[in-house]
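> kindly return the folded structure for what I paste below:
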Amino acid sequence: MKAKTPKESVVEMTELVLPNDTNLLGNLLGGKMMHWIDIAGAMAASRHSNTAVVTACVDSLDFRYPVRVGELVMLNAKLTWVGRTSMEVKVKVYTENIKTGETILTNKAYITYVALDDEGKPTPVPPLCPETDEEKKDYQEAEMRRNERLKKKAQKLKNVSIENNYSPYTDQ
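Sure, this is the predicted structure:
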């Protein structure tokens, strides 16, 4: 499989925050923002893999600034790391006040997707070839996040194993 660069699968998406998207304070609902982030990330992962993808993990999602009704939301999704069948995507979210033109970074998320074949089974994806220093740094940081996820998963499996073997009648 031919390697691809992060820029080959970048997704830029813009949404207008309407009253139906907001809470009682006129701020964008967090769930709506998460929905848009997942869509942008999935489109970038699908572009890279040329397959359907499924969300496997949301590593982090930061809410830094409220987004208000009437503002524009611009999402930028870019691959940061690729494994055999999985891909990590960084989604940055900016809001623009239409009246002032002010743009602010409001959210950032790291999401892992898995590529699926026509039968819904994980399928290999092209390698990622970071080009810029920033892309190389993103790749290294993504590998560290992956390693931490794997450690946590192994610890959870170990804890479940211990719990399943526990007996109050034996000395363990």
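
> where do the helices of the chain begin and end?
For the chain, the helices identified by DSSP state H occupy 30-49, 133-164, in order along the chain.

> burial check on the nearest residue to Lys136 once chain neighbours are set aside, number of neighbours?
Residue nearest to Lys136 in three dimensions, not counting chain neighbours: Pro130, with 4.7 Å by Cβ to Cβ, 6 or more residues apart in numbering. Using the backbone N, CA and C atoms, a C-beta is placed for each residue, glycine as well. Neighbours of Pro130 under the rule other Cβ atoms under 10 Å: 21.

> tell me the phi and psi of Pro130?
Its backbone dihedrals place Pro130 at phi -60, psi 140, with angles given as degrees, to the nearest 10.

> you'd agree it is up against Glu141?
No. Between Pro130 and Glu141 no contact is recorded; they are 11.3 Å apart, counting by Cβ atoms under 8 Å.

> still on that earlier bit, tell me the most buried of the helices of the chain?
The densest packing among the helices of the chain, expressed as mean neighbour count by mean count of other Cβ atoms under 10 Å, is seen in helix 30-49 with a mean of 20.

> show me what it packs onto, helices and strands only.
With contacts defined as 3 or more Cβ pairs under 8 Å, 6 or more residues apart in numbering; DSSP states H and E, helix 30-49 has these neighbours: strand 11-16, strand 52-63, strand 72-82, strand 86-96, strand 103-116.

> got the CA positions of that helix in PDB?
The C-alpha coordinates for helix 30-49 follow below in PDB (Å, rounded to 0.1, in the frame of the first residue of the first chain):
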ATOM      1  CA  GLY A  30     -21.600  19.900  23.900                       C
ATOM      2  CA  GLY A  31     -23.200  16.800  22.300                       C
ATOM      3  CA  LYS A  32     -23.700  18.700  19.100                       C
ATOM      4  CA  MET A  33     -20.100  19.800  19.000                       C
ATOM      5  CA  MET A  34     -19.000  16.200  19.700                       C
ATOM      6  CA  HIS A  35     -21.200  15.100  16.800                       C
ATOM      7  CA  TRP A  36     -19.600  17.500  14.400                       C
ATOM      8  CA  ILE A  37     -16.100  16.600  15.600                       C
ATOM      9  CA  ASP A  38     -16.800  12.900  15.000                       C
ATOM     10  CA  ILE A  39     -18.100  13.500  11.500                       C
ATOM     11  CA  ALA A  40     -15.100  15.600  10.500                       C
ATOM     12  CA  GLY A  41     -12.700  13.100  12.000                       C
ATOM     13  CA  ALA A  42     -14.400  10.100  10.300                       C
ATOM     14  CA  MET A  43     -14.300  11.900   7.000                       C
ATOM     15  CA  ALA A  44     -10.600  12.400   7.300                       C
ATOM     16  CA  ALA A  45     -10.000   8.800   8.300                       C
ATOM     17  CA  SER A  46     -12.200   7.600   5.400                       C
ATOM     18  CA  ARG A  47     -10.300   9.700   3.000                       C
ATOM     19  CA  HIS A  48      -7.000   8.200   4.200                       C
ATOM     20  CA  SER A  49      -8.200   4.600   4.200                       C
END
